[in-house]
Each structure stands twice: as structure tokens, then as C-alpha cells.
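*Asks:* Make a model of this:
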Amino acid sequence: MAYRDFSCYPEDRKVAFTRFSEHESLPPKAMMTSRGKSAPPELFPVHEPEREQYALAHNMHFGWSSGKGDEGGTFRLSKLRWTGGSAAIAQWPLTQKGWEDAWRVLLAEYPPLADAVARVYDREAQSRAALRQRAASQAALEKEGSLQVLAGCVLLGGYGYEPGVAPGDHVDLHFTQQSIWLSRAGGFRPYLRRSYETALSLDFEGGAVRQGGGYRGGGFGLTGAAEGIAMAALLNSLTAKTSIQTTVRIEAQDAEVFLFTDQAVPRDLEMRLAEVRGKIRASVGQPVRQAEAGGLDISERLLRLGEMLDKGQLTPDEFAQAKARLLSSEPTG
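*Replies:* Sure thing, here's the model as predicted:
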């Protein structure tokens, strides 16, 4: 088969860029790629040794092979045959320069295929970035030390979490030695992350709910009534179901989130997350103790407590109790 050598490589290159004369059914050159004349995707170095069909468009495909033994690897442009298999149209060395030259040819003469290559590259680059982010988040989570995980919750709403999760999404709550994380179910990226120093409360409401049943027995005479009661009891045992419907509320200085779980009733969660709630209570009480501590006169300490009340760091009851302690401890003149 006749071909022309378009190589600009040194003569010692084992693989030269060759373009064959079979150009039937090629896409029109007027079709331009969405990337225009921009720099090529960072496809080299390749992430896999063999990828014969990396991208396809208009019966053309682009890929590469790393070669065997002394043979050098190549990027390849091929055309699919109607009878099966493919025919090589062009090839370039599997190097950075080879990829840049291949990209220029794709842009100039095979724009739809260039678009396909760019889309595959972008999709896989995003996937690799997501995997790196997942690994980094998991490492950060493990570094903080896990206390408990409340998996498979449903986000009901609230504010303070990042875009990427929405009401109705399944999420996991991770409680570490230092903070509370909210991530997508099975993931590690935190869409809400608050340290215990900024957390205000962790509350649970709801419980076990019995649904169905409701059958009542009856009948004529003692025998009929007894039979009716027994039948109603059987029907109720078959149709009645008990489900757990618990709401979890997380409050922080700049966030409030509501979640639903069917895994445990509030009392069980209170016991399971007792250490977490203790950390939150300790962090909430610390600023109060600092405000009540000596070193400031009574008016300045009351002013600090008032600022904490305005910021939501204290409830009205906590403010009243702290104020009463301050006033009772102030010596009378």
C-alpha cells in the first residue's frame, strides 16, 4: 500500500509517522472540534500500556500500544473495516512529541475523533481526580481517628452544608476524635465538617412506630366472639409492622442539619454516641467557663456572655444560669 512519510523525527527513530492513502468515508475537514486549536489533553504519559480503541468516531478509532521487546510503542489512528478488524491510517511514537503531533493531525483532519478523544480524556481525568480526592479525604478521616459512623441516613434539610448533597440524598455521619463529618453514603468527602469546638448540640427525636393491624374480633355468642378475637389477633400479627423513624439534628454555630435514620431509636443513639455528645457539651461549656473566669470585671464578663447569646453559642436558659452564677459570686459592697 502506498504511503507518504510525514515524519519530523530523527532518523534513528524506529517508528515514523506514516499516513496511508486509504481515506474513504472520512469526516469533512470543515467540522471543528470544540477544543479548537487549544493545547492537547495531557494524554502522555499514558495510564495503561494497551488501549487500542481509546476513542471512536465516524468509523475511525485512536489508541496506542506500548510495544513488545525492542519494538517501540505507538499511538495509532485506524479505520474500522466493514468486514471486521481495522486498517492503520497513521502512527506516531509513544512519546510526548508523538502525542502532540498526533493531536495536531486529529484537530486538522479528523475533528470528530479529536472531540471524542478530548471527551474520553476529560471523563477519565475527572474520575482519577475523584479517586484521589476520595483517598485524601479517607486519609484525613483516619488521621483524626474514628469514634462512630452512622451510615445510610437521609438528608432532610437544613443549612451550612456544601453543594453536592441535597435533601433526599443518602449520607453518612462520621464522628471522629475532633469533628463531625457528613459525606455521601459510602464516600469520604466531607460536605459538612465541623469541629466539636463549633458544634452546639446533637439531638435525636422519634422512635419506634407501629403500623398496620387494627383488626377487632367479634361474633355472636361466646364461641363466635372467641373465634373472632382469635382471627383478629392472627390478622394483626400478620399485618402489623414496627418501624424506626428517628430524626437526627446537628447544630453548630454556622450550620443546622436534619437527618432521618431507621437504624436505631433515640435512646440507643444517645448511648452509642455518648462520647460524642460529651465532647460537644465540654466544648460548649468551655467558653462559658472562660467568660465567668476572673481577670475581667463583672460588667465585661456579662458583656461577653451577652455576645455568646447573640451568636447562638448559648441558649437563653444557659445565659440566665451563667448570669446568675456571676451575680451570686460578686461580693456585695
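*Asks:* Walk me through the domains of this structure.
*Replies:* 3-128, 145-282, 293-329 (automatic domain parsing).
*Asks:* now the strands for this structure?
*Replies:* 3-5, 18-20, 50-57, 60-65, 74-80, 86-93, 146-159, 170-176, 179-184, 192-195, 199-211, 241-252, 255-261 (DSSP state E).
*Asks:* Least confident of the ones you listed, on average?
*Replies:* Mean pLDDT is lowest for strand 3-5 out of these, coming in at a mean of 35.
*Asks:* could the strands of the chain be laid out in TSV, adding mean neighbour count?
*Replies:* To be clear about C-beta, it is placed using only N, CA and C from the backbone, and glycine gets the same treatment. Compiled in TSV, the strands of the chain are given as follows (neighbours: other CB atoms under 10 Å):
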stretch	mean neighbour count
strand 3-5	11
strand 18-20	17
strand 50-57	16
strand 60-65	22
strand 74-80	21
strand 86-93	20
strand 146-159	16
strand 170-176	20
strand 179-184	22
strand 192-195	20
strand 199-211	15
strand 241-252	16
strand 255-261	19
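*Asks:* Looking at those, spot the one closest to residue 131.
*Replies:* Nearest to residue 131, of all the strands of the chain, is strand 179-184, at 14.3 Å by CB to CB.
*Asks:* got the angle for the closest one vs strand 146-159?
*Replies:* 70 degrees (axes from the mean of the first three to the mean of the last three CA atoms, to 10 degrees).
*Asks:* so how far is strand 179-184 from its chain's centroid?
*Replies:* Computed by CA atoms, centre = their mean, to the nearest Å, the chain-centroid distance of strand 179-184 equals 10 Å.
*Asks:* So what are the sheet partners of it and their directions?
*Replies:* strand 170-176 (antiparallel), strand 192-195 (antiparallel) (DSSP bridges).
*Asks:* Tell me what angle that strand forms with strand 241-252.
*Replies:* Going by the same axes, to 10 degrees, strand 179-184 makes 120 degrees with strand 241-252.
*Asks:* quick one: residue 326 and residue 282, what's the gap?
*Replies:* Noted for residue 326: a distance of 20 Å to residue 282, by CB to CB, to the nearest Å.
*Asks:* My error: substitute residue 116 in the last question.
*Replies:* With CB to CB as the criterion, residue 116 and residue 282 are 57 Å apart.
*Asks:* Which residue of those two possesses the greater neighbour count?
*Replies:* Taking neighbours as other CB atoms under 10 Å, residue 116 and residue 282 compare with residue 116 leading, 21 against 12.
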